[in-house]
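[1] just the structure for this:
(chains A and B)
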Amino acid sequence: MSEMDCEHVLEMVWGYLDGEVSEEEYLGIQVHISKCADCGPRYQFQRRLMVLVEQKCREGPVPEALKRRLFRLLEE
Amino acid sequence: MLQAAGSFYCLVMGVHALAREAPLPAHTDREQFEQLVEQHLNGLFGAALRLTRNRTSAEDLLQETFFRAWRSFHTFRPGTNARAWLYRILMNAYIDLYRKASREPEIVDQDDVDEFYLYSKVQESDQYKRAGNPEEAFLETLLDADVKAALESLPETFRAVVILADIEEFSYKEIAEILDIPIGTVMSRLHRGRRQLQVALWEYARRARYVGADTQPPQRESRRDRPSAGGGR
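    Here you go, the predicted model:
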């Protein structure tokens, strides 16, 4: 597989981070970002950003009272 | 509280009215249904909160989802993707209950914004450059409330896809099935949604800086690695 250029690698960022690229593309990107001083930090930042959004937007458990109300209705 | 109780009562009555039209599943299915739904209730509630942006509406939406899932439980095939089935019901209930209530303005895509908008902004910022690691310094200034508000500021079409991909971690294919849209549409909405989210996050961070960010230490949270590729999702 020929080496990927920066433009192509940067276009693939979401697909890569979402695990939605082929294995060949995945490996090509991985090699590129491990060596490239432009693309590497960009990928690193996007990954950190995605983790942060997930952590900060995830809610705690459903309130117990609501859960009890829901399941009680099945008994009626 | 009274409002919540009232809407809950209406929902119960609504379900009873519908129950006359379509018989509820057999009593013996109940345990199976409870087991299946219980493990996904937390996620469904979180998604309902981010979608409706309001606790009372989120509770109503969760109840409606729960009833619809129970009513159509006989159509669920064991061994298929229960989680995606439940989220599909949630999204349909959300559209039926809330989308008609508030027409959103036409979506304007920001063509000048690229996938690395936030990274570039941070790199260009003198304030963050003064920190040893500008990217990390920026991310640490973001508070939970800022990130939630930024997500909730997205137009509904984009918000739904970002919630399903970035918080609920569904694959593109699953999202396409949940929302009944082509995979290409999932990708374009997700990419545009993430671009807009970055613009909103930058605005929130800027605002936080102007109201005495120095007196309020940024929150620190444990970092969790996310599986990136190779069929992890």
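[2] quick check: longest helix of chain A.
    Counting by DSSP state H, the longest helix found in chain A is helix A:39-57.
[3] helices or strands up against that helix?
    For helix A:39-57, the elements it packs on are helix A:6-11, helix A:13-17, helix A:23-35, helix B:117-124, helix B:134-141, helix B:144-152, judged by 3 or more C-beta pairs under 8 Å, 6 or more residues apart in numbering or on different chains; DSSP states H and E. C-betas here are computed from N, CA, C, even on glycine.
[4] in the following helix or strand past that helix, which residues are buried?
    Once helix A:39-57 ends, the next helix or strand along the chain (criterion: DSSP states H and E) is helix A:64-73. Neighbour-count burial for helix A:64-73, counted by 16 or more other C-beta atoms under 10 Å in any protein chain shown, picks out A:66, A:67, A:70, A:71, A:73.
[5] what's the pLDDT at residue A:26?
    Here, the pLDDT recorded for residue A:26 equals 96.
[6] what's the local residue count around it?
    Residues near residue A:26, counting by other C-beta atoms under 10 Å in any protein chain shown, number 19.
[7] sorry, back to before: contacting residues around the longest helix of chain A?
    Contacts of helix A:39-57 with the rest of the structure, by C-beta atoms under 8 Å, 6 or more residues apart in numbering or on different chains, involve A:6, A:9-10, A:13-14, A:16-17, A:29, A:32-34, B:46, B:50, B:115-116, B:118-119, B:122, B:135-136, B:139, B:142-144, B:147-148, B:151, B:163, B:166-167, B:169, B:197-198, B:221, B:223-226, B:228.
[8] mark which of those residues are buried, thanks.
    A:9-10, A:13-14, A:16-17, A:29, A:32-33, B:46, B:50, B:115-116, B:118-119, B:122, B:135, B:139, B:142-143, B:147-148, B:151, B:163, B:166-167, B:169, B:197-198, B:226, B:228.
[9] nearest residue to the residue in chain A that chain B sits nearest to in space, please, no chain neighbours.
    Across chain A, the shortest distance to chain B (C-beta to the nearest C-beta) belongs to residue A:59, at 3.5 Å. Sequence neighbours aside, residue B:46 is the residue nearest to residue A:59 in space, at 3.5 Å (criterion: C-beta to C-beta, 6 or more residues apart in numbering or on different chains).
[10] for the one you found, give me its contacts.
    When contacts are counted by C-beta under 8 Å, 6+ apart, residue B:46 is found next to A:57, A:58, A:59, B:167.
[11] phi and psi next, for it.
    Residue B:46 has phi and psi values of phi -60, psi -50 when expressed as degrees, to the nearest 10.
[12] how much space between it and residue B:189?
    Relative to residue B:189, residue B:46 is positioned 20 Å away (criterion: C-beta to C-beta, to the nearest Å).
[13] quick one: the longest helix of chain A to helix B:134-141, angle?
    10 degrees (axes from the mean of the first three to the mean of the last three C-alpha atoms, to 10 degrees).
[14] how about the residue nearest the centre of chain B: what's its closest non-neighbour residue?
    With distances taken as C-alpha atoms, centre = their mean, the residue of chain B nearest its centroid is residue B:163 (3.0 Å). Nearest residue to residue B:163 in three dimensions, chain neighbours excluded: residue B:50, at 5.1 Å (C-beta to C-beta, 6+ apart).
[15] what are the buried residues along the strand or helix carrying the one you found?
    With elements delineated by DSSP H and E, residue B:50 resides in helix B:41-52, which encompasses its position. In terms of neighbour count (16+ other C-beta under 10 Å), helix B:41-52 has its buried residues at B:41, B:43, B:44, B:45, B:46, B:47, B:48, B:49, B:50, B:51, B:52.
[16] reformat those residues as JSON lines; add distance to residue B:128.
    Listed next are those as JSON lines, based on distance: C-beta to C-beta, whole Å:
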{"residue": "B:41", "distance to residue B:128": "40"}
{"residue": "B:43", "distance to residue B:128": "34"}
{"residue": "B:44", "distance to residue B:128": "37"}
{"residue": "B:45", "distance to residue B:128": "35"}
{"residue": "B:46", "distance to residue B:128": "30"}
{"residue": "B:47", "distance to residue B:128": "32"}
{"residue": "B:48", "distance to residue B:128": "35"}
{"residue": "B:49", "distance to residue B:128": "31"}
{"residue": "B:50", "distance to residue B:128": "28"}
{"residue": "B:51", "distance to residue B:128": "32"}
{"residue": "B:52", "distance to residue B:128": "34"}
